[in-house]
Structures are given as C-alpha cells and as structure tokens.
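Colleague: Sharing a model that was predicted from the sequence below.
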Amino acid sequence: MPQVIEPEQVAAVGHRLHFFGRPGGSDTVSWQYRNQVWFIERPDDGEESRPEAVVCEMCGKTLTYTVHSVEVTRKRIARMRLIGWLLMPVALIGLIGFFTVDQNSWVAIISSLVLFFGGFVGGWMLLKAAGAEVGVTGHGASYPGPTKHLVQLIPGE
Ligand SMILES: [Zn+2]
C-alpha cells in the first residue's frame with residue numbers, strides 16, 4: 001500500500017530489539033522495535049532536502065536523516081517504480097536466454113542467470129522499496145527490511 005506523503009506528519013523511529021528475526025507465523029519471521037515519535041517537517045517543494053537529527057532513546061545514537069520534500073519523495077518513488085518495472089523484462093530476457101542459449105557455453109548460461117536473478121531481485125527490491133518510501137533517507141530508512149533503526153509514517157496523525 002503506498003504511503004501518504006505530507007508536508008508535516010508524525011513518524012515512528014524504531015530501534016530493533018534483537019538481531020535475528022523471531023518466528024512470526026507460517027514461514028515468516030518478525031522483528032520487534034521500540035518506537036519513539038518523530039514529527040517530520042518537510043522542506044517546501046523546490047527547496048533542498050535537509051538533515052534532521054534524532055537521538056534514539058534506546059541506544060543514545062544520534063541519527064542524522066535527510067528529509068526530502070513531498071515533490072522529491074514522489075519523484076524518488078516514481079523513479080524506483082520505473083527502474084523496478086524496467087528490470088522485470090531484463091529478468092524475462094535472462095530466463096528466455098537460459099533455455100535458448102547453447103548449453104555448452106558456460107558464459108552464455110551464467111550471463112542468462114545473472115540477467116534473470118539480477119533483474120528479478122533488483123526489480124523486486126526496488127518495487128518493495130518504493131512502497132515503503134517515507135521521504136527520509138539515512139541509516140537504512142529507505143531500505144525495505146529490518147534495519148537497525150526504522151522510520152515508519154503514522155497515518156492519520
Ligand atoms: Zn537505537
């Protein structure tokens with residue numbers, strides 16, 4: 001579900017409580033976070049992105065994030081989606097190539113596999129990152145995974 005990006009909004013900065021994921025149901029793992037509230041004030045559209053520091057209440061680390069405007073955030077999301085979808089045909093070319101190349105040519109086979117896995121994994125990660133984009137970068141905030149410090153928007157606040 002796409003995030004709603006607004007000029008001012010409340011976010012939660014979470015500190016991951018454990019290194020390994022815990023069983024969370026059928027074939028899933030989950031990570032627990034201790035959250036603190038962060039009120040994000042974005043730069044106006046056309047202004048430069050700016051650094052904002054948040055001190056983690058759990059570990060005391062100063063987290064300096066770069067806060068982007070609504071316009072820049074929407075462009076980042078559009079760019080990630082475009083590249084993510086463009087990588088899917090690359091994966092398809094790799095898959096087709098794997099079954100059609102000379103099976104005695106290791107270079108052709110490995111190239112096909114690199115195209116397939118690189119295109120699919122890269123595209124999938126970018127599409128997932130686009131869905132999780134919050135318009136804040138730094139400390140893994142824009143990565144779609146259980147980073148040490150996680151920034152999540154709180155809708156409707
Ligand atoms: Zn922390």
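Modeller: Perfect, thanks for sending it. Residues are numbered from 1 along each chain as shown.
Colleague: Can you give me the buried ones in the longest helix seen in the chain?
Modeller: Counting residues, the longest helix found in the chain (DSSP state H) is helix 70-100. By 16 or more other Cβ atoms under 10 Å, the buried positions in helix 70-100 come out as 70-73, 76-77, 80-81, 84, 87, 90-91, 94-95, 97-98. In this view, the C-beta of every residue, glycine as well, is placed from N, C-alpha and C.
Colleague: quick check, nearest of those to M58?
Modeller: Lowest distance from M58 to the buried residues of helix 70-100 (Cβ to Cβ) belongs to T73, with 26.4 Å.
Colleague: In terms of pLDDT, where does that closest one sit?
Modeller: T73 is assigned a pLDDT of 95 by the prediction.
Colleague: How about the contacts made by it?
Modeller: Contacts here follow Cβ atoms under 8 Å, 6 or more residues apart in numbering; on that basis T73 touches I5, R42, E133, V134, G135.
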